[in-house]
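Enquirer: can't give you the sequence, but here's the structure:
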């Protein structure tokens, strides 16, 4: 994931006038209108869809009277659809004109379908709307990431993706707070319906970013090609070796809800169920805040020293965090674990996107981001599922040794891939 001054990580030359221009202007001009618009869209979109996400348990179980198992079924199906859609969206995003239409349309679709959950009268309607919204959300992800690669200069990929990740995490912090305010003013149904507004504003922000990227004229039009994900091409060479290390990390990247559950169980004996739940949510907020604050510095590190270093740093922090969760005995250890994991995810997600943007040739960027998104979704499903089973069958502390082992495996694969790249 690292490069030299004369050659980028995909083997493309960056010297001469063009290379000097990127190096000279990158620090001052990396926050282009396109980068800013896509980052704003991520903030507004998260701000919107976090409201129905936070209210879904009470709405589905409390308002509609569905059993608790229905919530797991709805969320599991939605996550599976999002993962499959990311792979399909990668194929669409390989073509510049399709990626623009896919990004704008999918942001708008996610907003409308998520908001319409507030009008649902039966659990199955919630399932259909949530699944459709999450499929659209998965479809847009490779298109958004490929557009961001167009909007940023290669020397500023790390900062551009770090900014987008920071804005996304900031939306995750502000979204539940907006939900509380909307529920107080409009009730649960009204709050979910109103959540479509920031989502539609996100679509408008992407549309403005697309107009700016087109105006630059630095992405030549190519004829439309057959829509199919080119997975084999993505999994070759240095990009393929990087994807293997990323996949190993994702198989150990458990859902944040398991971190919250661990904190709740550890804190309950001394603080009671209600106090433990409240403090756990504070720790989760600290996790999101740490991720927000770490993303842009991680991007700066990726630009200066290469995405490999930023990725390795994030994986090391996760390894330490999971060991802390395994041994957690008091609030201070838990607080350290949440902050380590938050900084870790800020580093890793930024580095993953910057590495793919650097290593994938432009005609393959959409498919590469689609494979990355699918690996993230499938890996997270395996990580959370296996950790949950070990939690029940063995012990909560022992369960976190599983993701910790995958962090070590990811670091080993990263080092092995670096050596093979140097030899070739």
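Expert: Thanks, I have the structure now. The model shown is predicted, which means the values in this text are computed figures rather than measured ones.

Enquirer: What segments of the stretch 1-150 of the chain are helices?
Expert: Using DSSP state H, counting those that start in this stretch, the helices of the stretch 1-150 of the chain run over 16-29, 33-57, 68-93, 96-116, 123-151.

Enquirer: Mean pLDDT, distance to residue 369 and mean neighbour count for these - can I get that in a markdown table?
Expert: Bear in mind the C-beta positions are built from the backbone N, C-alpha and C, glycine included. Output for the helices of the stretch 1-150 of the chain, formatted as a markdown table (pLDDT from 0 to 100; distance: least, C-beta to C-beta, whole Å; neighbours: other C-beta atoms under 10 Å):
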| stretch | mean pLDDT | distance to residue 369 | mean neighbour count |
| --- | --- | --- | --- |
| helix 16-29 | 40 | 21 | 12 |
| helix 33-57 | 91 | 13 | 24 |
| helix 68-93 | 83 | 6 | 20 |
| helix 96-116 | 93 | 10 | 22 |
| helix 123-151 | 93 | 4 | 24 |
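
Enquirer: Of those helices, which is nearest residue 330?
Expert: Ranking the helices of the stretch 1-150 of the chain by proximity to residue 330 (C-beta to C-beta) places helix 33-57 first, at 28.1 Å.

Enquirer: So for residue 170, which of the helices of the stretch 1-150 of the chain sits nearest?
Expert: helix 33-57 (5.7 Å).

Enquirer: tell me how far the closest one is from the chain's mean position?
Expert: In terms of C-alpha atoms, centre = their mean, to the nearest Å, the centre of helix 33-57 is set 12 Å apart from its chain centre.

Enquirer: For that helix, which helices and strands make contact with it?
Expert: When contacts are defined as 3 or more C-beta pairs under 8 Å, 6 or more residues apart in numbering; DSSP states H and E, helix 33-57 sits against helix 68-93, helix 96-116, helix 123-151, helix 157-194, helix 196-216.

Enquirer: Report the angle between the second one and helix 123-151.
Expert: Direction vectors for helix 96-116 and helix 123-151, defined by axes from the mean of the first three to the mean of the last three C-alpha atoms, to 10 degrees, enclose an angle of 150 degrees.

Enquirer: what do you get for the fourth one?
Expert: Counting by the same axes, to 10 degrees, helix 157-194 lies at 150 degrees to helix 123-151.

Enquirer: and helix 157-194, what other elements does it pack with?
Expert: Using 3+ C-beta pairs under 8 Å, 6+ apart, helix 157-194 is in contact with helix 33-57, helix 96-116, helix 123-151, helix 256-305, helix 307-327, helix 331-359.

Enquirer: For that helix, which residues meet the burial criterion?
Expert: Across helix 157-194, burial judged by 16 or more other C-beta atoms under 10 Å covers 157-176, 178-179, 182-183, 188-189, 191-194.

Enquirer: Now do the end-to-end distance for stretch 358-374.
Expert: With C-alpha to C-alpha, to the nearest Å as the measure, stretch 358-374 spans 19 Å from end to end.

Enquirer: So which bits of it are buried?
Expert: Buried residues in stretch 358-374, defined by neighbour count with 16+ other C-beta under 10 Å: 358-360, 362, 364-374.

Enquirer: Leaving out the residues flanking it, which one is nearest to residue 201?
Expert: The shortest distance from residue 201 to any non-neighbouring residue, by C-beta to C-beta, 6 or more residues apart in numbering, is to residue 44 (4.9 Å).

Enquirer: Who are the contact partners of the one you found?
Expert: Taking C-beta atoms under 8 Å, 6 or more residues apart in numbering, we find residue 44 in contact with 171, 198, 199, 201, 202, 205.

Enquirer: Poorly predicted segments of the stretch 151-300 of the chain, please.
Expert: Along the stretch 151-300 of the chain, the parts satisfying pLDDT under 70 run over 214-229.

Enquirer: picking up where we left off before, export the contacts of residue 44 as a markdown table, with columns for distance to residue 244.
Expert: Formatted as a markdown table, the contacts of residue 44 follow (distance: C-beta to C-beta, whole Å):
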| residue | distance to residue 244 |
| --- | --- |
| 171 | 31 |
| 198 | 37 |
| 199 | 35 |
| 201 | 38 |
| 202 | 33 |
| 205 | 34 |
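
Enquirer: for stretch 297-317, which positions count as buried?
Expert: By 16+ other C-beta under 10 Å, the buried positions in stretch 297-317 come out as 297-303, 306-317.

Enquirer: Just the endpoints, please. Distance across it?
Expert: End-to-end distance of stretch 297-317 (C-alpha to C-alpha): 15 Å.

Enquirer: hmm, who's touching it?
Expert: Residues contacting stretch 297-317 (C-beta under 8 Å, 6+ apart): 1-3, 9, 26, 155-163, 165, 245-246, 249, 340-341, 343-348, 350-352, 354-355, 358, 407, 410-411, 414, 418.
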